[in-house]
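> Predicted model, plus sequence, below.
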Amino acid sequence: MSVVLLVALAVMPWIIAASLAMSGDHSAMLRLVATWNCTDPSWTAVNLVCNWAGVTCTGAYCRVSEFVWNQMACTGTVNLTSLPTMMTTLYLSDNQFSGPVDLTSLPTMMTYLDLDGNQFSGPLDLSRLPAVMSQLFLNYNQFSGPIPNLSSLPTGIYLDLYGTDFCGSTGIDIPCDDALLDSNCTCALAAV
């Protein structure tokens, strides 16, 4: 066997693994932006996802680790249930996204999620956040109903719910006195 063939055979598994990982990330990102009105020309089925505007890829297989799309006047809904599995950071603040938000199936590596300043609505389930989640910004949205149960939050998380329409008890021993309430009867939980 020639040396070239041996090298090709040795590298082939890596190429196949990288290709499969990137195609999975590409499909996940296409699903994420499918309902948005503000798509970028780089967000196509033929353009590699790591070349998309707002996307950062890292690691040996060039996996999507970060997506930043702030202050772009975007409307539409945001499906967070099938993000790229290695995504750690998602910034979608100060747009006009709306609808409910499902936080129960975020990638296990996600540490930072910023959805503040949108028009998201409905109740929230914070019971299944990734254990490594360190910052979660949900402030200035139209979430409503009882304050989500905070007893199962990851240790040390910074959680911002200010400017939402939640009311009631936090579910854990955090004082929610008048100084922390905004005009919508919301407990402004800046840090848990």
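Sure, I can see it. Just so it is clear, the model here is predicted, and its values are computed rather than measured.
> how close does Y91 get to N47?
Y91 is 21 Å from N47, where distance means CB to CB, to the nearest Å. To be clear about C-beta, it is placed using only N, CA and C from the backbone, and glycine gets the same treatment.
> Report the contact partners of T58.
Counting by CB atoms under 8 Å, 6 or more residues apart in numbering, T58 makes contact with S65, M86.
> who's it bridged to?
Beta-bridge partners recorded for T58 (DSSP bridges): R63.
> Which one of Y91 and N47 is surrounded by more residues?
With neighbours defined as other CB atoms under 10 Å, Y91 and N47 compare such that Y91 has more, 18 against 14.
> Strands along this structure, start to end?
Here the chain has its strands, by DSSP state E, at 55-58, 63-68, 75-76, 89-91, 96-99, 112-114, 119-122, 135-137, 142-146, 158-160, 165-167.
> Among those, which comes closest to S152?
strand 158-160 (12.1 Å; CB to CB).
> tell me which strands and helices that closest one is in contact with?
Helices and strands touching strand 158-160, by 3 or more CB pairs under 8 Å, 6 or more residues apart in numbering; DSSP states H and E, are strand 135-137.
> what's around S152, how many residues?
With other CB under 10 Å as criterion, S152 counts 13.
> Enumerate every residue touching it.
L126, S127, R128, L129.
> Make a PyMOL selection of whichever of the residues you listed turn out to be buried.
Those of the contacts of S152 that count as buried under 16 or more other CB atoms under 10 Å are selected in PyMOL with:
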select buried, resi 126+129
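> Serialize the contacts of S152 to JSON lines and add fields for pLDDT and distance to Q135.
Formatted as JSON lines, these follow (pLDDT from 0 to 100; distance: CB to CB, whole Å):
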{"residue": "L126", "pLDDT": "94", "distance to Q135": "13"}
{"residue": "S127", "pLDDT": "94", "distance to Q135": "18"}
{"residue": "R128", "pLDDT": "95", "distance to Q135": "17"}
{"residue": "L129", "pLDDT": "97", "distance to Q135": "11"}
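> Let's have the contacts of S152 in TSV, adding distance to P100.
Output for the contacts of S152, formatted as TSV (distance: CB to CB, whole Å):
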residue	distance to P100
L126	14
S127	16
R128	15
L129	16
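> Output stretch 148-158 as PDB - backbone C-alpha positions only.
These are the backbone C-alpha positions of stretch 148-158, laid out as PDB (Å, rounded to 0.1, in the frame of the first residue of the first chain):
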ATOM      1  CA  PRO A 148     -40.900  29.900  38.200                       C
ATOM      2  CA  ASN A 149     -39.700  27.500  40.900                       C
ATOM      3  CA  LEU A 150     -36.100  28.400  41.500                       C
ATOM      4  CA  SER A 151     -35.200  25.600  43.800                       C
ATOM      5  CA  SER A 152     -33.500  23.500  41.100                       C
ATOM      6  CA  LEU A 153     -31.400  26.300  39.500                       C
ATOM      7  CA  PRO A 154     -27.700  25.500  38.900                       C
ATOM      8  CA  THR A 155     -25.400  26.600  41.700                       C
ATOM      9  CA  GLY A 156     -24.200  30.200  41.400                       C
ATOM     10  CA  ILE A 157     -26.300  31.100  38.400                       C
ATOM     11  CA  TYR A 158     -27.000  34.800  37.700                       C
END
